[in-house]
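Q: Need the 3D shape of this:
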Amino acid sequence: MVSLTDFQRIGVGLVGFGLFFLLFGMLLYFDSVLLAFGNILFLSGLVFIIGFKRTFTFFFQRPKMKGTSFFLGGVVVVLMRWPLLGMLLEAYGFVNLFRSFFPVAFGFLGSLTNIPILNKLLQNAGGSSSMV
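A: This is a model prediction of the structure:
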């Protein structure tokens, strides 16, 4: 099991609340205040989890500058009360920033079928398409 420091636990909570407020802001027809609050909590939680220096070096690597500019530009646009445009910019920047992480995440999700309980659940969910 991975042990977390107190700062990392606070960061996990901040990221969780940030994602909650982002989702809640999108469900309430892109409420700009909730989206802005979610962005601030998410970014501050990321700093608490991995540290300021590592966060700065992740976002400002030369190959990731396009994604960083769109992501942080989207945060600024949301803070300026243009939530739909800001979230579109953030989504594009997020995909560009984490493009190299997606194959790892999909590989992990594919390996979940090797777990016996999940394998049974996925077979039952996929095999129950008959109407009779």
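Q: Identify each buried residue in stretch 23-32, please.
A: If you call a residue buried by 16 or more other CB atoms under 10 Å, then stretch 23-32 has these buried ones: 25-26, 30-32. Heads up, the C-betas are built off the backbone N, CA and C, glycines and all.
Q: Pull the most distant pair out of these.
A: Longest distance between any two of those is 11.2 Å, between Met26 and Ser32; criterion CB to CB.
Q: for this structure, longest helix please?
A: Longest helix in the chain, counting residues (DSSP state H): helix 6-27.
Q: How about residues contacting the helix or strand just after that one?
A: Next along the chain after helix 6-27, taking DSSP states H and E as the criterion, comes helix 32-50. Helix 32-50 is contacted by residues 7-8, 10-26, 28, 55, 58, 75, 78-79, 81-83, 86-87, 90 when judged by CB atoms under 8 Å, 6 or more residues apart in numbering.
Q: Poorly predicted segments of the protein, please.
A: Under the criterion pLDDT under 70, the flagged ranges of the chain are 112, 118, 121-123, 125-132.
Q: about what we covered before: buried ones among the contacts of helix 32-50?
A: 8, 11, 14-15, 18, 21-22, 25-26, 55, 75, 78-79, 82-83, 86-87, 90.
Q: got CSV for the buried residues of stretch 23-32, with distance to Phe42 too?
A: Shown next, in CSV, are these (distance: CB to CB, whole Å):
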residue, distance to Phe42
Gly25, 12
Met26, 13
Phe30, 16
Asp31, 16
Ser32, 15
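Q: Out of these, the closest to Pro103 would be?
A: Looking across those and measuring by CB to CB, the closest to Pro103 is Met26, at 26.2 Å.
Q: I figured that closest one was touching Leu88, is that so?
A: No: between Met26 and Leu88 there is no contact under CB atoms under 8 Å: 11.7 Å.
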